[in-house]
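> model this:
(one chain, ligands or ions: 1)
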Amino acid sequence: MAPNRGRAKDVVSIVGTAKIRCPGCGIERACELVQSINTRADPSAKQRLLGGELNVLRCACGRRAQLAATVLFHDPDADFLCQVCPGGGDAMIRGAAAFERSGATGTMRLVPSLSALVEKVKILDAGLEDWALEMTKVLLLASLDVRDLDRVLLFDRVDPGTHVIRWVLFGDGDEVPANVSSSLGAYQRLAVRTNAKPTRTELQIDRAWAMAAVRTMITAAN
Ligand SMILES: [Zn+2]
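All right, here's what the predicted structure looks like:
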């Protein structure tokens, strides 16, 4: 099934069926495959995405496997487009070209995985700016004194009562993920620095982007 190439305003929910070979038992199974989500037209697909139930093969042998597929997420009310480009690399280049052709005007993002899309959607729903949040992550990781700044740290939610951001920090191996929190105020101080805000052509707002942005900010302050 070809990814949606229509204009952004015409993005419709695309649902098909794919034949997937189970990585557990090797038997081919039919599996529902969602390649495009329009949150206005199909809010249930968004709920399945957030619940980790989208594009999952559930085999009779008991194996559960996440399908690596191109997924275009469109929230017309927030004017937000995000495309999952599995594996990055060439898929990212194709995703960027599709955005270019689409003539879309809102916020556009490319991410390498469905879990990265889930985080972007949670950030959007919380009313936060992903770029300022990614910068917050870098500063938070540096303050936590973890050995490498590439550790996976995922946004979970904002706690409105205590004005803190809740995060989940993943360990190196089989360690149980840790709950971490940071002040919402520290994020807000970054978010008002609009000179750090990405331009329209910056589509991958990830750790690498944030490391460079923080470096630029620190250099400018000195
Ligand atoms: Zn199986």
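> Quick check: beta-bridge partners of residue 29?
Beta-bridge partners for residue 29, by DSSP bridges, are residue 20.
> cool, the one 4 residues further on as well?
Here residue 33 shows beta-bridge partners residue 16, assigned using DSSP bridges.
> List the contacts of it.
Residues in contact with residue 33 (CB atoms under 8 Å, 6 or more residues apart in numbering) are 1, 15-18, 55, 67, 69. To be clear about C-beta, it is placed using only N, CA and C from the backbone, and glycine gets the same treatment.
> For ChimeraX, write the selection for the buried entries among these.
The buried subset of the contacts of residue 33, as determined by 16 or more other CB atoms under 10 Å, is captured in ChimeraX by this line:
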select :55,67,69
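> ok, and of the contacts of residue 33, which contact the ion?
Residues of the contacts of residue 33 in contact with the ion (CB under 5 Å from the ion): none.
> Between all of the contacts of residue 33, which two are separated the most?
15 and 67 (12.9 Å; CB to CB).
> Can you lay out the contacts of residue 33 as JSON lines showing pLDDT and distance to residue 183?
JSON lines is the format used below for these (pLDDT from 0 to 100; distance: CB to CB, whole Å):
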{"residue": "1", "pLDDT": "43", "distance to residue 183": "45"}
{"residue": "15", "pLDDT": "75", "distance to residue 183": "41"}
{"residue": "16", "pLDDT": "86", "distance to residue 183": "44"}
{"residue": "17", "pLDDT": "89", "distance to residue 183": "47"}
{"residue": "18", "pLDDT": "87", "distance to residue 183": "44"}
{"residue": "55", "pLDDT": "94", "distance to residue 183": "36"}
{"residue": "67", "pLDDT": "89", "distance to residue 183": "38"}
{"residue": "69", "pLDDT": "90", "distance to residue 183": "37"}
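> from the contacts of residue 33, which is closest to the ion?
Lowest distance from the ion to those (CB to the ion) belongs to residue 67, with 13.6 Å.
> how about that closest one, phi and psi?
Main-chain torsions, residue 67, degrees, to the nearest 10: phi -80, psi 140.
> Hmm, residue 58 and it touching each other?
No: with contact defined as CB atoms under 8 Å, residue 67 does not reach residue 58; the gap is 11.1 Å.
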